[in-house]
Each structure stands twice: as C-alpha cells, then as structure tokens.
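[1] sequence and predicted structure are below.
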Amino acid sequence: MYCSTSIEAQPVGGHPISATGTEGFARANTDYLVTGSRPSAVGLEPTTMADTTTDTAGDQSTANEARDSALAGHAPHTVADVRETYREQAATFGRVQWLDHLFFGRHRRSHFQQARGRVLDVACGLATNARYVPDDTEYVGIDVSVDMLKRAEQHSDSLRLGGGLREMDAQDLDFPDDSFDTIISSLSTCTFPDPVAALSEMSRVCAPDGDILLLEHGRSSVGPIARFQDWRADAHFQKHSCRWNQEPLDIIAESPLSVVDSSTSLLGIITAIRATPA
Ligand SMILES: C[S@@+](CC[C@H](N)C(=O)[O-])C[C@H]1O[C@@H](n2cnc3c(N)ncnc32)[C@H](O)[C@@H]1O
C-alpha cells in the first residue's frame, strides 16, 4: 500500500532536514552535553529536564520518581545520545525493514488501522507506520534523528500525500494543544530518555476525543526469553539506547494517559495499547 506521491520534509523550529540543519543541531547538542540540560525542542533554547514535567520542588520530586521508575533501573540517557545511536543505526534499520515487516507488520496493520483524521506518528523513525494507517488519514511523522528521517524520505513513496516529516523532540512537541485526532507511536517508549514526558506531550497534542495508539515491546512472558532479555539488558541499552525489558504498561501508568484496552502477542513481547488523553 504505497503512495506514489513523494512528500517534502517540513522544516520545524527553523531546522530543515538538511545538512545545514544537522550541523546547527549538532552545535546545540554540544551545549547540552556541557551544561547538562537538554534542548527543549530541536533548535530551541535548552531547558532542564525538570522543566518538562514540573515547576515546583514537590512536583519535581514526584516527576523524578516517576521517571526513575519508568527507566526500569537503566542509567538515564539524553536526546543527544539517542541521536548519536540512530546516526549509527539508521542504515541498519533500513536494511532490516523486511524483518520488521515479517515480525511486526501484521501488528502494525491491525493496530494502526484504527487511526483516523490527522495522525501524528511520534518517533516515526523510517516512517514505517505510514503504510499501515488508513488512506484517508493525514500522516505527520516526527523524530529526533535526522538520519532516520532522511532514510524515511528515501522511502518517500510510502508516505502520505499532504503529510510531512519533522525533526522534533517527542518530549517537547512543537504543536499546539489538541492538534491531532490520533497519536500513534511504536517501539519508542523504550528509547525516550524521559518516556513520561513524551507520553504527556502525546496527551497534550491529542484532541480530547482522540485516540493514542501505542505498539510497544517489553519483557517477554516466556521465562527463558525474559531472563535472556534481563541478562543482555545493559549491553542492548548501550548499543541501541533501548530498554528492551521495560514494561510499557508500567510507564503508561506513570503518565496522564488512560488505557482503554491493551493486548500482548509475540511471546508477550509486543503490547498494543489504546489510550485516551488526560
Ligand atoms: C526503535 S526506533 C522505532 C522507530 C519507529 N517508530 C518504528 O516503529 O519503526 C526508535 C525511534 O525513536 C526515536 N526517538 C527516541 N527518542 C526520541 C525523542 N525524544 N524524540 C523523538 N524521537 C525519538 C529514535 O530516533 C528512533 O527513530
């Protein structure tokens, strides 16, 4: 179900998806590493992590506890770390798309067919989900990795007419409140440095009567596989910035989203979640 119309990547926050935009952002990231704060959005002024979730000391403590719980014992990482990881991994992701279709294709299709209206794919990566949402939706994909977005552009015949790709931090979305009818996101909460902040942003930009559809992986319900995941968790995280034994529903419980229904498959590794915004 490919659309033959190519789509242009849309500049956001003054940073088009181009070599110039990438260089500009690399400079911003350097500041981030030096100051220990993170960019509030691509190309915007850095803010502290606390700014994302709270503005009082008490709320700060609660937010930190929620974030630490959501990180499942992994060391925190930063948006800059994620960008670096996916700079290295983008080509590999492109090469193993066939494997993705084999294992996740039918799960993506059955879940994201529920999307309607204006659809935001948060952390869209190669925009794989664009082919699984209904034809009459308007697809917009955001990701913090310009390398992933560039590869998504190369597969632009799989993108929707009228949609677009934007370089943006999921934890600080550059969209007004209630902008989208459906938020979709897949294989992403395991990678967000602050997943509760990203889920809160999804809630904010989703219309009050909209849906948030998540397709996430987590710790298997099959003992030996789960133990293997636990054993390799740190190595996997170092290489992929991915907490692969993290339980997605535990993270969502820390966020403002309300789960409407959820189901697991693929040996308990994949969880499909339908939620509503706060
Ligand atoms: C495992 S890939 C999944 C990509 C895609 N959603 C899919 O299902 O194929 C994780 C993606 O999350 C993106 N990501 C991680 N943290 C992000 C953030 N804070 N803002 C936007 N994208 C982020 C990465 O750049 C990467 O493309």
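    Alright, I've got the coordinates. Numbers count the residues shown, from 1 in each chain.
[2] can you name the residue of the stretch 51-200 of the chain nearest to the ligand?
    Gly125 (2.5 Å; Cβ to the nearest ligand atom). Backbone N, C-alpha and C define where each C-beta goes, glycine included.
[3] check which helix or strand covers the closest residue to that residue other than its chain neighbours.
    In this structure, Gly125 finds its nearest non-sequential neighbour in Met148, 4.9 Å apart by Cβ to Cβ, 6 or more residues apart in numbering. Using DSSP states H and E, Met148 maps to helix 146-154.
[4] buried stuff in that helix?
    Residues of helix 146-154 classed as buried by neighbour count (16 or more other Cβ atoms under 10 Å): 146-153.
[5] filter those residues down to the ones near the ligand?
    Contacts with the ligand within the buried residues of helix 146-154, as defined by Cβ under 6 Å from any ligand atom: Met148.
[6] would CSV of the buried residues of helix 146-154 with distance to Ser186 and pLDDT be doable?
    Formatted as CSV, those follow (distance: Cβ to Cβ, whole Å; pLDDT from 0 to 100):
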residue, distance to Ser186, pLDDT
Val146, 19, 91
Asp147, 18, 93
Met148, 13, 94
Leu149, 16, 92
Lys150, 19, 88
Arg151, 16, 89
Ala152, 14, 89
Glu153, 19, 87
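[7] could you dump the buried residues of helix 146-154 to a markdown table with distance to Glu201?
    Below are the buried residues of helix 146-154 laid out as a markdown table (distance: Cβ to Cβ, whole Å):
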| residue | distance to Glu201 |
| --- | --- |
| Val146 | 20 |
| Asp147 | 22 |
| Met148 | 19 |
| Leu149 | 18 |
| Lys150 | 24 |
| Arg151 | 24 |
| Ala152 | 20 |
| Glu153 | 24 |
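[8] quick one: low-confidence residue ranges for the chain.
    Under the criterion pLDDT under 70, the flagged ranges of the chain are 1-76, 156-163.
[9] how does it look with 90?
    Along the chain, the model assigns pLDDT under 90 to residues 1-77, 94, 150-164, 238-241.
[10] near the ligand, which residues of it are found?
    Within the chain, the positions adjacent to the ligand are 79, 82, 86, 123-126, 128, 143-145, 148, 169-171, 186-188, 191-192 by Cβ under 6 Å from any ligand atom.
[11] the helices in the chain, which residues?
    19-35, 49-53, 57-70, 79-95, 97-112, 146-154, 195-205, 223-240, 248-253 (DSSP state H).
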